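**Student:** missing the sequence, but the structure's below:
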C-alpha cells in the first residue's frame, strides 16, 4: 500500500499538476529542479514524468511540445537546443528475455541519451538504451532503438537513416520556425 501511495503522489505531482495548462513552463522547470532534476527549459502542457526526477536532464533552449512522456527509471538526458514533438514517449525500463523466451518480470533501467540540436517528430517512441547523437532529425512516428549517428534524417519502425543532413539543416531549432536563438522553450 505504501508503494501505491507513493506512486500516486508522484503521478499527481509530476503528471497531473506539472502537466496542467495552468502551470507555466518556468514553474514546471522550478518544481522539477527542486525535486532533483537538472532542467534548464520547462516542458510543455500535458508533460508526464515517471521514475526518479534526479534521472532527468534537459538542456538549455530545449522545446518540449504538448503531452511528452518521460519514464526516468534510468538517466534521460536531452541536449541543448533540441525539440521534442507532441506525444513523444521516452522509455528507460527494460525486461530481458532469456534463451527459452522467458521474460524477466523485474525491469532494469537503460539510460537514454539525446544530443544537442535534435528534432524528434510527433508520436516518436524512444526505447531503453537509445543514443541519439547531435544534429539528428527523427521523422514523426518513428521507433528509436540503438544509436542514431550525427548528421542524419531517420524514420520508420525501427528508425533507419533515410539520408544525410548537414548540421545547418537541423539548425531550424535555433533560428528557424521556432524563433531566434535563446527563444526556444524557455
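**Tutor:** Now that the structure is in, tell me what you want to look at. Here the structure is a predicted model, which is why all the values come from computation and not from measurement.

**Student:** any stretches of the protein with poor pLDDT?
**Tutor:** For the chain, the stretches flagged by pLDDT under 70 are 1-8, 10-13, 167-186.

**Student:** next one: stretch 94-111 to chain centre, how far?
**Tutor:** Distance of stretch 94-111 from the chain centroid (Cα atoms, centre = their mean, to the nearest Å) equals 22 Å.

**Student:** first-to-last residue distance for it?
**Tutor:** 10 Å (Cα to Cα, to the nearest Å).

**Student:** stretch 124-134 now?
**Tutor:** End to end - Cα to Cα - stretch 124-134 spans 17 Å.

**Student:** not counting that stretch itself, show me its contacts.
**Tutor:** Under the criterion Cβ atoms under 8 Å, 6 or more residues apart in numbering, residues 74, 79, 85, 88-94, 109-118, 120, 138-150, 159, 167 lie in contact with stretch 124-134. (Each C-beta comes from the backbone N, C-alpha and C, glycine too.)

**Student:** out of those, which end up buried?
**Tutor:** Buried subset of the contacts of stretch 124-134 (neighbour count, 16 or more other Cβ atoms under 10 Å): 74, 79, 85, 88-94, 109-118, 120, 138-139, 141-145, 148, 150, 159.

**Student:** how many neighbours does the residue lying closest to residue 36 once chain neighbours are set aside have?
**Tutor:** Of all residues not flanking residue 36 in the chain, residue 54 sits nearest, at 3.7 Å (Cβ to Cβ, 6 or more residues apart in numbering). Applying other Cβ atoms under 10 Å, we find 12 other residues in the vicinity of residue 54.

**Student:** got the contact list for the residue nearest to residue 58 when sequence neighbours are not counted?
**Tutor:** Nearest non-adjacent residue to residue 58, counting by Cβ to Cβ, 6+ apart: residue 39, 4.5 Å away. Residues near residue 39 by Cβ under 8 Å, 6+ apart: 29, 32, 33, 56, 57, 58.

**Student:** just to revisit the earlier point, narrow the contacts of stretch 124-134 to those in strands?
**Tutor:** 89-90, 93-94, 109, 112-114, 120, 138, 143-144, 147-148 (DSSP state E).

**Student:** how about the residue nearest the centre of the chain, what does it touch?
**Tutor:** Centroid-nearest residue in the chain, with Cα atoms, centre = their mean: residue 90, separated by 5.0 Å. By Cβ under 8 Å, 6+ apart, the contact list for residue 90 reads 68, 69, 70, 71, 76, 112, 114, 126.
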